[in-house]
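**Student:** okay, predicted coordinates and the sequence, questions at the end:
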Amino acid sequence: MADKEMEIDEEDLPRDAKIVKSLLKSMGVREYEPRVIHQFLELWYRYVVDVLSDSQVYAEHAGKSAIDVDDVKLAIQTKVNFSFSQPPPREILLELARNRNKIPLPKSIAGPGIPLPPDEDTLISPNYQLAIPKKQPPQAAEETEEDEEGANQNPSQEQKTEQQQQQTPQRVSFPLVGKRGA
């Protein structure tokens, strides 16, 4: 039944739709949805309207009363220039390549494989620190209390260093490397 509908549609198709269909066939497209023809027709009509309206603007600018072939050619060329960018000529590309290739590549420091960034630039580097205060032994606490009472007004250098070490917390870093899925 679908073949029968396609045959009926072919007979009723306008000339432009038949042209689009023959273009698709000539490009090797055998299977497509029927809407494809309508989409191509819409694109085709839009393009023609744009070119003709631009041609009319160029003709008016030139002081002509009607559009001529030169106006249409100029409109098409303008549309092509703005729609598609041409690659630079081969000679220019070769010259750019020669200039770039004059600079040698850096020597690879790492061995085979993919070079990795330093640990501090990765997400698995330590990104926080814990301050763990050192516990004071009971004797040191008693000595500190005596110092506060004024029993020893001139503590020795050794005692000062010992007190500073006890007051500064120990810092520990943890890397975020974990076993996932294990």
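**Tutor:** Sure thing, it's come through.

**Student:** buried ones in stretch 15-22?
**Tutor:** 17, 20-21 (16 or more other Cβ atoms under 10 Å). All C-beta atoms are positioned from the backbone trio N, CA, C, and that covers glycine.

**Student:** now swap in stretch 67-74 and tell me
**Tutor:** Neighbour counts over stretch 67-74 (16+ other Cβ under 10 Å) mark 67, 71-72, 74 as buried.

**Student:** cool, and stretch 55-69?
**Tutor:** 55-56, 58-59, 67.

**Student:** I'd like the average pLDDT over that stretch.
**Tutor:** Confidence over stretch 55-69, taken as the mean pLDDT, stands at 93.

**Student:** so what touches that stretch?
**Tutor:** When contacts are defined by Cβ atoms under 8 Å, 6 or more residues apart in numbering, stretch 55-69 is touched by residues 52, 71-72, 74-75.

**Student:** going by distance to residue 92, which of those wins?
**Tutor:** Nearest to residue 92 among the contacts of stretch 55-69 is residue 74, at 27.0 Å by Cβ to Cβ.

**Student:** wait, is residue 124 part of a strand?
**Tutor:** No - Residue 124 sits outside any strand when classified using DSSP: H, G, I helix; E, B strand; the rest coil, being coil.

**Student:** just the pLDDT at it, thanks.
**Tutor:** 74.

**Student:** one more: residue 30?
**Tutor:** 89.

**Student:** tell me the SS of it?
**Tutor:** coil.

**Student:** scan this structure for its longest helix.
**Tutor:** Longest helix in the chain, counting residues (DSSP state H): helix 34-61.

**Student:** which of the contacts of stretch 55-69 fall within helices?
**Tutor:** 52, 71-72, 74-75.

**Student:** as a markdown table, the contacts of stretch 55-69 with distance to residue 25 would be great.
**Tutor:** Formatted as a markdown table, the entries for those read as follows, by distance: Cβ to Cβ, whole Å:
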| residue | distance to residue 25 |
| --- | --- |
| 52 | 28 |
| 71 | 34 |
| 72 | 28 |
| 74 | 33 |
| 75 | 30 |
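
**Student:** just name the closest of the residues you listed to residue 40, please.
**Tutor:** Checking those against residue 40 by Cβ to Cβ gives residue 52 as the nearest, at 18.5 Å.

**Student:** contacting residues for that closest one?
**Tutor:** Taking Cβ under 8 Å, 6+ apart as the criterion, residue 52 is in contact with 67, 72, 75.

**Student:** and the second one, what's its pLDDT?
**Tutor:** Here, the pLDDT recorded for residue 72 equals 94.

**Student:** pretty sure it is touching residue 48, no?
**Tutor:** No - taking Cβ atoms under 8 Å as the definition, residue 72 is not a contact partner of residue 48, at 10.2 Å.
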